[in-house]
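Student: Following is a predicted model, sequence given first.
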Amino acid sequence: MKTLLKAILFSATLLLMMVGCKDQNGPAESKITGSITNSSECKNFISGDLKFAEADTFSCVHYQYDDVTHKLIMNHINAGFNCCPLKINCEISTIDDTITIHEFEKEQGCNCECLFDLDIELQGVDQNNYQVRFAEPYAEGQAEIFFEMDLTSNNEGEFCAVRKGYPWGGMNSQRSLVHSCFSGLY
């Protein structure tokens, strides 16, 4: 009887140790999900002119958090994509306190790039400190959107990256490229 009791106790101890070690070594899993709820048209070409509500050298993220619904709304202003993306999507991944928003397009339908505004909605966000990183298809070699977001002290904020390479900045030099890209569409 003592041998059976010792065996059960030993097995229970081993099981607790294995579960405890797994929790300590693995990254914390998150329940954060999200998607793009709205995207603008290509901002570089409107009625034959290049027009911007914000400076085209900025790529900014404005965010607002609702601590009751655990919903985080992010507006990515001047996100760079192909001029004819068919559809713009994102995938959300989290490791520990880092939220990565990987943006991508369904199709590269034109031989040009332009800027879009995106509305991204994340659900299941707890009121904590986070590192937020945007992975963007055309921002390689440009300033990265990577910032700290402290939702324990402020439910809204913004971060901007200054970019001067195509499709950001220097839009006068892009005028002929944009016109030639869209000339066959009208």
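Tutor: Perfect, I can see it now.

Student: who touches Phe81 in this structure?
Tutor: Contact partners of Phe81, counting by C-beta atoms under 8 Å, 6 or more residues apart in numbering, are Ile88, Glu103, Glu105, Glu113, Cys114, Phe116, Pro137, Tyr138. Yep, even glycine has a C-beta here, placed from its N, CA and C like the rest.

Student: What separation do you get for it and Asn44?
Tutor: 11 Å (C-beta to C-beta, to the nearest Å).

Student: Identify the contacts common to those two.
Tutor: By C-beta under 8 Å, 6+ apart, Phe81 and Asn44 have these common neighbours: Cys114.

Student: before we move on, back to that, turn the contacts of Phe81 into JSON lines, columns for pLDDT, secondary structure and neighbour count.
Tutor: Listed next are the contacts of Phe81 as JSON lines, based on pLDDT from 0 to 100; DSSP: H, G, I helix; E, B strand; the rest coil; neighbours: other C-beta atoms under 10 Å:
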{"residue": "Ile88", "pLDDT": "96", "secondary structure": "strand", "neighbour count": "19"}
{"residue": "Glu103", "pLDDT": "98", "secondary structure": "strand", "neighbour count": "24"}
{"residue": "Glu105", "pLDDT": "95", "secondary structure": "strand", "neighbour count": "17"}
{"residue": "Glu113", "pLDDT": "92", "secondary structure": "strand", "neighbour count": "22"}
{"residue": "Cys114", "pLDDT": "92", "secondary structure": "strand", "neighbour count": "29"}
{"residue": "Phe116", "pLDDT": "95", "secondary structure": "strand", "neighbour count": "24"}
{"residue": "Pro137", "pLDDT": "94", "secondary structure": "coil", "neighbour count": "17"}
{"residue": "Tyr138", "pLDDT": "93", "secondary structure": "coil", "neighbour count": "20"}
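
Student: Mind telling me the two of the residues you listed farthest from one another?
Tutor: Distances among the contacts of Phe81 were taken as C-beta to C-beta; the most separated pair is Glu103 and Cys114, at 14.2 Å.

Student: follow-up on the earlier one: pick out whichever of the contacts of Phe81 sits closest to Lys31.
Tutor: Glu103 (21.1 Å).

Student: what's the distance between the closest one and Asn129?
Tutor: Counting by C-beta to C-beta, the gap from Glu103 to Asn129 is 23 Å.

Student: Ok, Ala135 next?
Tutor: Distance, Ala135 to Asn129, using C-beta to C-beta: 20 Å.

Student: Ok, Thr37 next?
Tutor: The gap separating Thr37 from Asn129 is 25 Å, by C-beta to C-beta.

Student: So what touches stretch 124-138?
Tutor: 30-33, 59, 61, 65, 67, 70-72, 76, 79-81, 97-105, 113, 144-152, 159, 167.
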